[in-house]
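# attaching a predicted model along with its sequence, questions to come.
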Protein chains: 2
Amino acid sequence: MTPDTDFDLQSFLPYLLNRAAEETGLKFQKIYKDRYGMLRTEWRVLAHLGGYGTMTATEIGARAGVHKTKISRAVARLELLGFLARSGNQTDRRQEFLGLTKKGQAAYADLSLSAQRFNAELTRSLSEHDQAVLTRCLTSLAAG
Amino acid sequence: MTPDTDFDLQSFLPYLLNRAAEETGLKFQKIYKDRYGMLRTEWRVLAHLGGYGTMTATEIGARAGVHKTKISRAVARLELLGFLARSGNQTDRRQEFLGLTKKGQAAYADLSLSAQRFNAELTRSLSEHDQAVLTRCLTSLAAG
DNA sequence: TCGTAATAGTTGATTTTGTAACTAACAACA
DNA sequence: TGTTGTTAGTTACAAAATCAACTATTACGA
């Protein structure tokens, strides 16, 4: 039985993407976990609110590509930890506007700075051109 | 309070990588899940054994970047489903050589072919050059 | 060769995620 | 109105990942 495919796992994009994501993600996870006890989704919610301003849970989910149950739990925990505050929407009482507290803003300022440094370190060995190609390809792949 | 960082989540590599990995990974997951009832780690173990031949659990873990408890459970399940067989090592009775059964080989042949097609579809919109850059960058990032 | 350390792999307890069902509020339209 | 459908968000339960502890075996040094 000869192998009729010359499949190469090392060039299979989902595999490579997953490995690269895990490798880089776990390293950065240490930062927000150690400093603020945050989980990944919590950091992601914080990053969205810090970077794009107040919005609803559904909107975060849509932008971040995260399911609403995960958002719901992350929001609850961020609120519990004092990083986030909710304010009901008068015109549509189903939804709530989510915004960072002072403490949340401070955490975002700190973590986003660390993220920048972390990213700079990651891309240090890549040429400007490669960085541009990589970001473009990833953005395209992430969009589906 | 002016934001003293111009951090952009959209160019933060761990975020982009994670999104691209999820997007592509979940799509391909449907294939091995629907056809063979496999989980991601199980498909990954199958892919390693199918692509590189018989090896031990630890070796798969090291190559695939997966923790041994995940490997252990994936192997147990693949064995249960009849895709994989173990054979003890005489010279070191702690370890076992893992290999695919006929059924496992057939599943690998099928899935690796689908993976190739899936990958081709993913990269269809990318130029040859971009593909090469992407793969190179991802491999470098995955290596840590 | 005895005792200690290291390695292969498994198992159990805890945490986190995923799936589905649920409540509450709004929308559309007869 | 009232009935049906849709959307926002939460919760309950099942599935899976993580972490630590465990057994069995081998390696190594006094």
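Cool, got the structure. Being a predicted model, the structure only gives us computed values, none of them experimental.

# which strand or helix spans A:R86?
If you go by DSSP states H and E, A:R86 is part of strand A:84-88.

# ok but A:F7 is inside a helix, no?
No - assigned with DSSP: H, G, I helix; E, B strand; the rest coil, A:F7 falls outside any helix and is coil.

# mind listing what the residue lying closest to it once chain neighbours are set aside touches?
Excluding its sequence neighbours, the residue lying closest to A:F7 (CB to CB, 6 or more residues apart in numbering or on different chains) is B:S112, at 3.7 Å. Backbone N, C-alpha and C define where each C-beta goes, glycine included. Going by CB atoms under 8 Å, 6 or more residues apart in numbering or on different chains, B:S112 touches A:T5, A:F7, B:A47, B:G50, B:G51.

# all strands in chain A, in order from the N-terminus.
A:84-88, A:96-100 (DSSP state E).

# A:P14 is nearest to which of these?
Closest to A:P14 of the strands of chain A, according to CB to CB: strand A:96-100, at 31.9 Å.

# so where's the longest helix in chain A?
The longest helix of chain A (DSSP state H) is helix A:13-36.

# now the angle between helix B:13-36 and that one, please.
130 degrees (axes from the mean of the first three to the mean of the last three CA atoms, to 10 degrees).

# quick one: mean pLDDT over helix A:13-36.
Averaging pLDDT along helix A:13-36 gives 96.

# what sits against the closest residue to DNA strand C within chain A?
Residue of chain A nearest DNA strand C, by CB to the nearest atom of the strand: A:R93 (3.6 Å). Going by CB under 8 Å, 6+ apart, A:R93 touches no other residue.

# could you report the neighbour count for the closest residue to A:A143 other than its chain neighbours?
Ranked by CB to CB, 6+ apart and with sequence neighbours excluded, the top spatial neighbour of A:A143 is B:E23, at 7.6 Å. Look at B:E23: counted by other CB atoms under 10 Å in any protein chain shown, it has 18 neighbours.

# distance check, B:E23 against A:S140.
To A:S140, B:E23 is 10 Å away according to CB to CB, to the nearest Å.

# one more: A:G25?
From A:G25 to A:S140 the distance is 20 Å (CB to CB).

# check A:D8 too.
Per CB to CB, A:D8 is found 22 Å from A:S140.

# one more: A:T58?
25 Å.

# tell me which of the strands of chain A sits most buried.
When the strands of chain A are scored by mean count of other CB atoms under 10 Å in any protein chain shown, the highest mean neighbour count falls to strand A:96-100 (a mean of 18).

# now for that strand, which elements pack on it?
Packing contacts for strand A:96-100, counted by 3 or more CB pairs under 8 Å, 6 or more residues apart in numbering or on different chains; DSSP states H and E, involve helix A:40-52, helix A:57-64, strand A:84-88.

# related to what we said a few turns ago, is it possible to get JSON lines of the strands of chain A that adds mean pLDDT?
Below are the strands of chain A laid out as JSON lines (pLDDT from 0 to 100):
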{"stretch": "strand A:84-88", "mean pLDDT": "96"}
{"stretch": "strand A:96-100", "mean pLDDT": "97"}
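
# which of those sits closest to B:I71?
Using CB to CB, the strands of chain A put strand A:84-88 closest to B:I71, at 37.9 Å.

# closest to the centroid, which residue in chain A?
With distances taken as CA atoms, centre = their mean, the residue of chain A nearest its centroid is A:R44 (3.8 Å).

# up against DNA strand D, what does chain A have?
Residues of chain A that fall close to DNA strand D, judged by CB under 7 Å from any atom of the strand: A:56-59, A:68-69, A:71-73, A:75-76, A:92, A:94-96.

# please redo it, this time with the cut-off set to 6 Å
Within chain A, the positions lying close to DNA strand D (CB under 6 Å from any atom of the strand) are A:T56, A:A57, A:T58, A:K68, A:T69, A:S72, A:R73, A:V75, A:R94, A:Q95, A:E96.

# which of those ranks first by neighbour count?
Among those, A:V75 has the most neighbours (other CB under 10 Å), with 22 neighbours.

# so that residue touches A:T56, yeah?
No - in this structure, A:V75 is not within contact of A:T56 by CB atoms under 8 Å, at 10.0 Å.
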